[in-house]
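S.K.: Have a look; sequence and predicted model below, questions after that.
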Amino acid sequence: MTKEHTEQSPAEVEQRFQTRIDAEEKIEPKDWMPEKYRQNLIRQISQHAHSEVIGMQPEGNWITRAPSLHRKCILLAKVQDEGGHGLYLYSAAETLGASREEMVEALHAGRAKYASIFNYPALTWADIGAIGWLVDGAAIVNQVSLQRTSYGPYARGMVRICKEESFHQRQGYHIMMTLAGGTEEQKAMAQDSLNRFWWPSLMMFGPHDAESAHSAQSMKWKIKRQSNDELRQKFVDQTVKQAEVIGLTVPDPDLKWNEERGHYDFGEIDWEEFNRVIAGDGLCNRQRLAHHVTAHEEGQWVRDAITAYEDKKRQRADRRAA
Amino acid sequence: MTATDSNEAVLQYAVRLGDDALVLGHRLSEWCSNGPFLEEDLALTNVALDYIGRARMFYSYAAELSGDGRSEDSFAYLRDCREFTNLLLHELPRGDFAFTMARQYLVDEYALAFMQALLESEDERLAGIAAKAVKESKYHLRRSRDWMLRLGDGTAESHCRLQTAVDDLWGYTPELFELDALETSLVAAGVAVDSAALRPDWEAAVRATLEEATIELPQADWSVRGGRQGIHTESLGHMLSDLQFMQRAYPGLEW
């Protein structure tokens, strides 16, 4: 804390922080920040990082089975990008004083979450299309907005991530387009996938604004720049048109263009399902976490070997110097 | 050899090299989301991507030589075990991280020397593929050699796992340096690499690395061969059922 701050009352310090936020200044790692702002960011950024990493599983599950070498290479590169996003995000969270180890531990202990969409299984090749098109599509809408988030390292991470995500979304859409323009069987596969992933994608934006636990404070601190419902509407508006172009039907009988609002009206999300899946009733909840825990535990001896090797190398260098 | 015979021979040779790259790339890709830490997960899939890219170049060239409408995917997806002609070392299941890295190291020492020699091929297309592969293999080797040292000279457990891996792999290495009639004739034509000639340098390099990694040179009295003739370990069939699932379940479709 700088001298200037110590001479101010806590309320004044907080007020000064809020003034900076209101003036659209970015908060940087060494700046003073309210403890709750820090905690809120660690929670959000680590959850975002975990989502990128857990999201490698449903797609990784299809790398070995991709239907052509071309698709396989694209998918491999995409899944690598997701892992890379996980890395930037863990680093951004580390600037707030959380270690990667602590964050992974919180994930394994169930204290930290990841996007619940990944608790749905990727059963067919079309699901790889749907995940790219819808899941990455929804993620981009959120992330574009987060490019203006108040915490500098997070905002800059988002700028980088958005560039790659738009390539992911296009590759997913291209898979769906190919299927939709293929045989009846392929088109049915694409439609089935859209049917299963549509509503979970809308759920990715979280509860309605009125029910969102962290929203109000996050908006005030400009961690979040647009509300869950605003972002969800934006996603629906852009995605419905994309579905129409390739001749797929969005599985919502209440979906209708509203001329007056200039937006699509859409049906109510099954919030019971949303809560159930988050609470553990998804097809893959236990497997996703167990997979991550197993890989981490099986990697322990490798990580230990690196430490031991580096120690030995240092000792040898010290002996030579002595 | 007539021009047609020679065309067919180069095609088969390109397919062999494509098969080597594809099955190893597949094994590496199986590490996705299973790596010991995130950075390594990405590095392994990055190498997988290089190998699968390499397979595509060899297969595409073979497809062009065939002139019968086959594509890179025909070679990858529509052949059964007996038609795959990769060297066995590449197809072995990924095992633990020590097994994967030891195999990678043994392959990298070989692949780098092999691709450097292929640069001199009379066949410009093969030489062109080699030029790209050499750059990649240099980086792969730097990485896998580092891992040999870290694991060999790390903890007692990592040492033991690496020693076991090297012992289990050793009997698959003589096959790397054997030439059949096809390769012998292509070597004579200046097209193929004389892999037998690579052996002394390979052995010297491997010996030096094992020594630095405090790993004992295996005294293997066994060796297995057959890949170039389509005789494989049983693991390959399972890999193909995974790799080829979509093309087999939905024949003839575009994806």
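M.R.: Thanks, I have the structure now.
S.K.: and the stretch 51-200 of chain A, which residues reach chain B?
M.R.: A:53, A:56-57, A:60, A:63-73, A:76-77, A:79-80, A:83-84, A:86-87, A:90, A:125, A:175, A:178-179, A:182-183, A:185-186 (C-beta under 8 Å from any C-beta of the partner chain). All C-beta spots, glycine's among them, are computed from the backbone N, C-alpha and C.
S.K.: Buried ones only from the residues you listed, please, as a PyMOL command.
M.R.: A single PyMOL command suffices to select whichever of those are buried according to 16 or more other C-beta atoms under 10 Å in any protein chain shown:
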select buried, chain A and resi 53+56+57+60+63+64+65+66+67+68+69+71+72+73+76+77+79+80+83+84+86+87+90+125+175+178+179+182+186
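S.K.: got a list of what residue A:20 touches?
M.R.: residue A:27 (C-beta atoms under 8 Å, 6 or more residues apart in numbering or on different chains).
S.K.: Next: residue B:229.
M.R.: By C-beta under 8 Å, 6+ apart, residue B:229 lies in contact with B:85, B:180.
S.K.: And it, how far from chain A?
M.R.: Residue B:229 sits at a distance of 24 Å from chain A (criterion: C-beta to the nearest C-beta, to the nearest Å).
S.K.: Now intersect the residues of the stretch 51-200 of chain A next to chain B with the helices, please.
M.R.: Under the assignment DSSP state H, those contribute A:53, A:56-57, A:60, A:63, A:69-73, A:76-77, A:79-80, A:83-84, A:86-87, A:90, A:125, A:175, A:178-179, A:185-186 to helices.
S.K.: Spatially nearest residue to residue A:194 (excluding sequence neighbours)?
M.R.: Closest residue to residue A:194 in three dimensions, ignoring its sequence neighbours and counting by C-beta to C-beta, 6 or more residues apart in numbering or on different chains: residue A:248, at 5.2 Å.
S.K.: Touching, that neighbour and residue A:195? I think so.
M.R.: No. Between residue A:248 and residue A:195 there is no contact under C-beta atoms under 8 Å: 9.3 Å.
S.K.: neighbour-wise, which of those two wins?
M.R.: Between residue A:248 and residue A:195, counting by other C-beta atoms under 10 Å in any protein chain shown, residue A:248 is the more crowded of the two (22 against 14).
S.K.: Surely that one is within a strand?
M.R.: No. Using DSSP: H, G, I helix; E, B strand; the rest coil, the assignment for residue A:248 is coil, not a strand.
S.K.: Contact partners for it?
M.R.: Neighbour list for residue A:248: A:176, A:180, A:187, A:190, A:191, A:194 [criterion: C-beta under 8 Å, 6+ apart].
S.K.: Which one (most neighbours) among those residues?
M.R.: Neighbour max across the contacts of residue A:248 (other C-beta under 10 Å) = residue A:190, 28 neighbours.
S.K.: which strands and helices sit next to the helix or strand hosting that residue?
M.R.: Using DSSP states H and E, the element containing residue A:190 is helix A:184-203. With contacts taken as 3 or more C-beta pairs under 8 Å, 6 or more residues apart in numbering or on different chains; DSSP states H and E, helix A:184-203 sits against helix A:125-130, helix A:137-146, helix A:152-180, helix A:228-245, helix A:271-276.
S.K.: Mind doing that once more with 6 Å?
M.R.: helix A:125-130, helix A:152-180 (3 or more C-beta pairs under 6 Å, 6 or more residues apart in numbering or on different chains; DSSP states H and E).
S.K.: List the buried residues in the last one.
M.R.: For helix A:152-180, the buried set under the neighbour-count rule, 16+ other C-beta under 10 Å, comprises A:152-155, A:157-158, A:161-162, A:164-165, A:168-169, A:171-180.
S.K.: what about residue A:245, distance to residue A:181?
M.R.: Distance check for residue A:245 against residue A:181: by C-beta to C-beta, to the nearest Å, it reads 11 Å.
S.K.: The one helix or strand residue A:102 maps to - what's its average pLDDT?
M.R.: Assigned by DSSP H and E, residue A:102 belongs to helix A:100-108. Mean pLDDT, helix A:100-108: 97.
S.K.: So for it, what gets flagged as buried?
M.R.: A:100, A:102, A:103, A:104, A:106, A:107.
S.K.: Which residues does that helix contact?
M.R.: Helix A:100-108 is contacted from outside by A:46, A:50, A:90, A:112, A:293, using C-beta atoms under 6 Å, 6 or more residues apart in numbering or on different chains.
S.K.: just those now: which is nearest chain B?
M.R.: residue A:90 (7.7 Å; C-beta to the nearest C-beta).
S.K.: Now for that closest one: which residues touch it?
M.R.: A:49, A:100.
S.K.: Check what pLDDT it gets.
M.R.: Model confidence at residue A:90, given as pLDDT, is 97.
S.K.: Look up how far residue A:195 lies from it.
M.R.: For residue A:90, the distance to residue A:195 (C-beta to C-beta) stands at 34 Å.
S.K.: And for residue B:127?
M.R.: Residue B:127 sits at a distance of 51 Å from residue A:195 (criterion: C-beta to C-beta).
S.K.: how near is the closest residue to residue B:211 other than its chain neighbours to residue A:195?
M.R.: With C-beta to C-beta, 6+ apart as the measure, residue B:217 is the residue that lies nearest to residue B:211, at 8.0 Å, once sequence neighbours are left out. The gap separating residue B:217 from residue A:195 is 59 Å, by C-beta to C-beta.
S.K.: from memory residue A:255 sits against residue A:263, does it?
M.R.: No. Between residue A:255 and residue A:263 there is no contact under C-beta atoms under 6 Å: 11.1 Å.
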